[in-house]
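# sharing a sequence plus its predicted fold:
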There are 2 protein chains.
Amino acid sequence: DLQWSELDDRAVDTVRLLAMDAVEKTGNGHPGTAMSLAPVAYTLYQRVLRHDPSDPAWLGRDRFVLSAGHSSLTQYIQLYLAGYNVTLDDLKSFRTWGSNTPGHPEYGHTDGVEVTTGPLGSGFGTAVGMAFAARRVRGLLDPDAAPGESVFDHHVYVIASDGDLQEGVSSEASSVAGTQELGNLIVLWDDNKISIEDDTNIAFTEDTVARYEAYGWHTQVVDFTAGAEYQENPKAIFEALQEARAVTDRPSFIAVRTTIGWPAPNKKNTGAIHGSALGADEVAATKRVLGADPEKQFDVAPEVVAHTQQALERGKRLRAEWEERFRGWRAANPQRAELLDRLSKRELPAGWADALPEFEPSEKGLATRAASGKVINAVAPVLPELWGGSADLAGSNNTTITSEPSFLPEKRSSAMFPGTPYGRTLHFGVREFAAGLIANGIALNGLTRPYAATFLVFSDYQRAAVRLAALQQIPTTFVWTHDSIGLGEDGPTHQPVEHLSTLRAIPGFDVVRPADANETAVAWRTILERNHRPAGIALTRQGIPVFDRSRYGSAEGVARGAYVFAEADGGEPAVLLMASGSELQLAVEAREQLQAEGIAARVVSFPSHEWFDEQSDEYKESVLPSAVRARVSVEAGIAMSWHRFLGDAGRAVSLEHFGASADYKVLYREFGITPEAVVAAAKDSLAAAE
Amino acid sequence: DLQWSELDDRAVDTVRLLAMDAVEKTGNGHPGTAMSLAPVAYTLYQRVLRHDPSDPAWLGRDRFVLSAGHSSLTQYIQLYLAGYNVTLDDLKSFRTWGSNTPGHPEYGHTDGVEVTTGPLGSGFGTAVGMAFAARRVRGLLDPDAAPGESVFDHHVYVIASDGDLQEGVSSEASSVAGTQELGNLIVLWDDNKISIEDDTNIAFTEDTVARYEAYGWHTQVVDFTAGAEYQENPKAIFEALQEARAVTDRPSFIAVRTTIGWPAPNKKNTGAIHGSALGADEVAATKRVLGADPEKQFDVAPEVVAHTQQALERGKRLRAEWEERFRGWRAANPQRAELLDRLSKRELPAGWADALPEFEPSEKGLATRAASGKVINAVAPVLPELWGGSADLAGSNNTTITSEPSFLPEKRSSAMFPGTPYGRTLHFGVREFAAGLIANGIALNGLTRPYAATFLVFSDYQRAAVRLAALQQIPTTFVWTHDSIGLGEDGPTHQPVEHLSTLRAIPGFDVVRPADANETAVAWRTILERNHRPAGIALTRQGIPVFDRSRYGSAEGVARGAYVFAEADGGEPAVLLMASGSELQLAVEAREQLQAEGIAARVVSFPSHEWFDEQSDEYKESVLPSAVRARVSVEAGIAMSWHRFLGDAGRAVSLEHFGASADYKVLYREFGITPEAVVAAAKDSLAAAE
């Protein structure tokens, strides 16, 4: 049963006071939810969540995700009260330069924040990935423990707002969570019927609880507004959370009917209190309602903090109990403990790269998506941390690890995809955005390395997930096949044109487009070695030659982003031909034609702008000598991202319009992406460089 | 009651034969759904849809949306059978260069195709917009007609696949459709339990019908698999559609349980038949099942076509009846008829631009989002076709037309937003992707001009809708406010950095970022005058100066994309300072400093790269003289899209990393986007240009 004292009531009211004061001091922010959700967040942090404020990275902790990221004070104030490294001064510097308490929670910035949230729906989707990861990790490290008995068992708690549930991605993620029977996922929905446009009656009238039942979730309702007067009920929240924890075969959805901004006498239950300071008068009036001194700001009674910081002792006790069990597990599972230690450091095992395939030269060649599939399957046995799947394009993306079952409850198996709860291949369904967020959630769990696959053009659907991976600097890998008009007949809706440039545009994100099977292997190796940031690998649908590396530069050059693939005869290039992916072969053919005419042409294979940017000036100069101003880029997409390498005299062989539905060879010809076009561009550039 | 003959059965089987043959001939495509949905699509096109194959643009027609765009043959074959301009030869050239039958349906390419589909979920969302438009148009032109009696009343029919319903955007759009009580929207779900990864048990196990009930839809189920053997039942489909049409206060959802690829003896009910040719043996075996000659391809009996092309007569009859009513409406509503004639041509009324506000110069200035709100409200009375709304950011986006009620069923009104079914301001909820698609659907209706608003950073959520607007070349306007780190404290999740460049990257799409209130007015005017393609307008949250145009170039220059805002002293610039939006003021300050040092600096206001690209070479040269190689771009985002204007000697004052949470003035200073930085960059560029 919930222990609750008058000090707890005061602590909850203190949350409201701090929320109002922090927003008032900064002049902007979102006080409303932080005020009305105070008893919910407090009960969660103080009585339910398994966490230790003195060790935010404790392996055995539950995860908390504030999907309603705009209400960051909901989390910051609980972190402060529980004794995390968030101080009263931090609350006073809310939303200011360099502070510990930015406008939205930022992973890696504030202790206790598990995920960067703010873009609505994204926290929810990420939390589903965290719940996936918990199950997979258990399967890797402690598969035989009884349910709930493993040191790796933990829960993922989410606070979601109306906006989170309106966003389509929460529908995607919730449907998947239902299929996956994620018993370790518990979502609290702040059902306050107010969003920025005020009363949600204008835009959100669905029966949300019924919708969650339709997804196969366990649902409950706690209604603070049900009585004659508004009645906050921490006991009901606590009991609902207990019941949700007892349900282990389904995710849980708890609708908490609240009044936003309660108990502000004039602004509660309005859109105004959602995202604006209350103003001095309303703050004072609310303080009077709460029995607090309207003249005082950031006024926390010492006995309240002393009370709430018992969370530190609670955390240490919980962790000590867990540590003992953990030692037992280590002793009983020495090999798995070794694996855990490796995974915890995100280190790759010694010699793992020996498992990578080498591909024989071949004119007929191989699609790089096929090469990628071979790479994934080759390294799968030595890298148990690597797992992932596709948004219903498994066969097209070549992302299935065929030696192991899928990650599925047994009853969700199919003839094509037998599954177990600890399986390895993920099935996202046709849900690209959720796929990206789920992969992010897995990466945030910290122990395994996820990938999510779709067609490159549909990176548009998951762009916000890619951006969040970059912002958080987590090692999510996006596998994007069918990476140009080379996919052919499916036509312009399926043909990426602007996508390579627009993905390169995202700060902190690596785009890699290998030019043959061996480049694909080095690209994957490098991506896996780079454990600190996300990457996307762009792969062809169509077969392309596997180059004979005895004639050309080593594919090892991929790791440096760009390298000399074919030197100009005589070693003094008059023109540089830069190409990525399937267009490298065009540059190679063009070089032959140019050399036949006596024009010294160097071919540079250029799989990754970002990796090249990291190289030394000397290396960059050695690949792209600044004196050589005649340059051509060759890529079956817009040239936007190439201009900085082309310079004034450079010319792009590119595609500046949408594609069409036809055989890909016809498309390349009709759209002028050919060796002849590269030759013409080279001559044009040479003339311009004179 | 449904009239159904043996010829209808043969026609349905002919659909299957043609679907198999078309895919087999090309070697790729999606035969499965085209085969099993044949009786459904046939019943719809031949007996339910109000259309005239001889006049695909008939104003009174129902709309059909194949959200399952991969099954384009489902539509092409019906268009052929019904007598549209789609021939048997067109089916033979399926998915080939220049053909009338591309891989996915393309609006503007094939008669009878109302919307480009393929990206799953997008057709569904667009159809909701079409249903919105039908109601708004009725309200504009025939508000007093009894329900179902107006010449403008029509239905929007959708065929949706499993993939469509898995995509989050269909959830968003369906929830909105429920709130809006769209009685004119009818969705047929092809519930075949197979997607590309085969059995959907691995990823799609929700109770979809219950989900639609939760959205407030009317639901029905027609199950071809319910009996001892598979039984296609056109009569049940027809009756379900009749019942759906009778329900006028809710959208309708009809789950049609089918077996994909039926009756292919070996490949039906498999993922293989979803997206691949059956192979000669299976085609032959299926033809035998259907009693057809396995040796014959594209074999259509003349009596079958004669029978199905009765749709032409049916269409003419329906249209004649409608034309008579339409003449009556015209006679009774001469002013509205005049409006209709104008809207049909997408013409703006004479003198409309006189309504545009002019803004007085002001140092303190005005946020361009506020200026935009004034423009919208100023032109609203003279442009009844202009309407739109926000994804729950109305007050922040300044997109509400305050003189008229919202577009809402009466009972969905709120205190802040009173509504009527024919109202003008849209409330999308926190659903940016659906907002974009709904706006596209409104644009596709053809008579009105929609806008959809959110923060610029959340254009990521709706990118696929922006791309589809560009691909279809329809005049959707995206309003994106909070267009840089200038939004301040909400921090990096809310601050666009790469977005201006990545939106400029979309072919056929215009990005406009006005630099003050008067530029905002000209930007809107120009967007509205350009009725053939979509645009996005990027607007500040923060106040920026309204420039004194007696000192600077006229804001009329906005229409040309870039113009000389402040000439260099003496008229011979040594350096060009190019800036957009809120950064123009920095360039102006930098110019003062440079001129004080004797450096002749020209400031170019550069609101739209795309509009500038359309200008004559002479004009471009007059603004950016090629002899002036010292150039600086100033924009609080990545420089990627500027490099082509900068050239080798140019320098960018840009932001190449994510933002942070703080007051915007602090952010500009800390991130070095200042007049001083522009001055330094100008000197650097001058040195490089030597």
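Nice, thanks for sending it over. Residues are numbered from 1 along each chain as shown, chains lettered A, B, ... in the order given.
# excluding its backbone neighbours, what's nearest the closest residue to chain B within the stretch 51-200 of chain A?
Nearest residue of the stretch 51-200 of chain A to chain B: A:Gly168, at 2.4 Å (Cβ to the nearest Cβ). (Glycine included, C-beta is placed from N, CA and C.) Distances taken as Cβ to Cβ, 6 or more residues apart in numbering or on different chains place B:Gly168 nearest to A:Gly168, at 2.4 Å, with adjacent residues excluded.
# OK, contacts around the one you found?
Applying Cβ atoms under 8 Å, 6 or more residues apart in numbering or on different chains to B:Gly168 gives the contacts A:121, A:167-172, A:431, A:433-434, B:121, B:433.
# buried ones among the residues you listed?
Buried subset of the contacts of B:Gly168 (neighbour count, 16 or more other Cβ atoms under 10 Å in any protein chain shown): A:121, A:167-172, A:431, A:433-434, B:121, B:433.
# just those residues: which are in helices?
Judged by DSSP state H, those include A:168-172, A:433-434, B:433 as members of helices.
# quick one, strands of the stretch 501-650 of chain A?
Ranges of strands within the stretch 501-650 of chain A are A:510-512, A:535-538, A:544-546, A:563-566, A:575-579, A:601-605, A:631-634, based on DSSP state E, counting those that start in this stretch.
# which of those sits closest to chain B?
Chain B lies closest to strand A:631-634 among the strands of the stretch 501-650 of chain A, at 11.2 Å (Cβ to the nearest Cβ).
# contacts for that closest one, please.
By Cβ under 8 Å, 6+ apart, the residues outside strand A:631-634 that reach it are A:575-580, A:583-584, A:586-587, A:590, A:606, A:624, A:639, A:642, A:645-647, A:649-654, A:673, A:678, A:681-682, A:685.
# which ones among those come in contact with chain B?
Contacts with chain B within the contacts of strand A:631-634, as defined by Cβ under 8 Å from any Cβ of the partner chain: A:Gly647.
# quick one on the thing from earlier: out of the buried ones among the contacts of B:Gly168, which comes closest to B:Tyr461?
When the buried ones among the contacts of B:Gly168 are ranked by distance to B:Tyr461 (Cβ to Cβ), B:Phe433 comes first, at 5.3 Å.
# quick one, what contacts the residue nearest to the spatial centre of chain A?
In chain A, the residue lying closest to the centroid (Cα atoms, centre = their mean) is A:Asn440, at 2.9 Å. Residues counted as contacts of A:Asn440 (Cβ under 8 Å, 6+ apart) are A:115, A:125-126, A:129, A:450, A:465, A:468-469, A:472, A:474, A:476.
# what's the answer for A:Gln593, then?
Going by Cβ under 8 Å, 6+ apart, A:Gln593 touches A:675-676, A:679.
# distance-wise, check it relative to chain B.
From A:Gln593 across to chain B, the span is 25 Å (Cβ to the nearest Cβ, to the nearest Å).
# per-residue pLDDT of that residue, please?
Here, the pLDDT recorded for A:Gln593 equals 98.
# same check on A:Gly271?
According to the prediction, A:Gly271 has pLDDT 88.
# hmm, A:Thr200 and it touching each other?
No - with contact defined as Cβ atoms under 8 Å, A:Gly271 and A:Thr200 do not form a contacting pair (9.5 Å).
# now do the shared contacts for the two.
Common contact partners of A:Gly271 and A:Thr200 (Cβ under 8 Å, 6+ apart): A:Ile194.
# now, the contacts of A:Asn440 that are in strands?
For the contacts of A:Asn440, the ones inside strands are A:Pro450, with DSSP state E as the criterion.
# output the contacts of A:Asn440 in CSV, with neighbour count appended to each entry.
CSV is the format used below for the contacts of A:Asn440 (neighbours: other Cβ atoms under 10 Å in any protein chain shown):
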residue, neighbour count
A:Val115, 28
A:Gly125, 36
A:Thr126, 37
A:Gly129, 31
A:Pro450, 29
A:Ala465, 31
A:Leu468, 28
A:Ala469, 31
A:Gln472, 22
A:Ile474, 26
A:Thr476, 30
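# all set, thanks.
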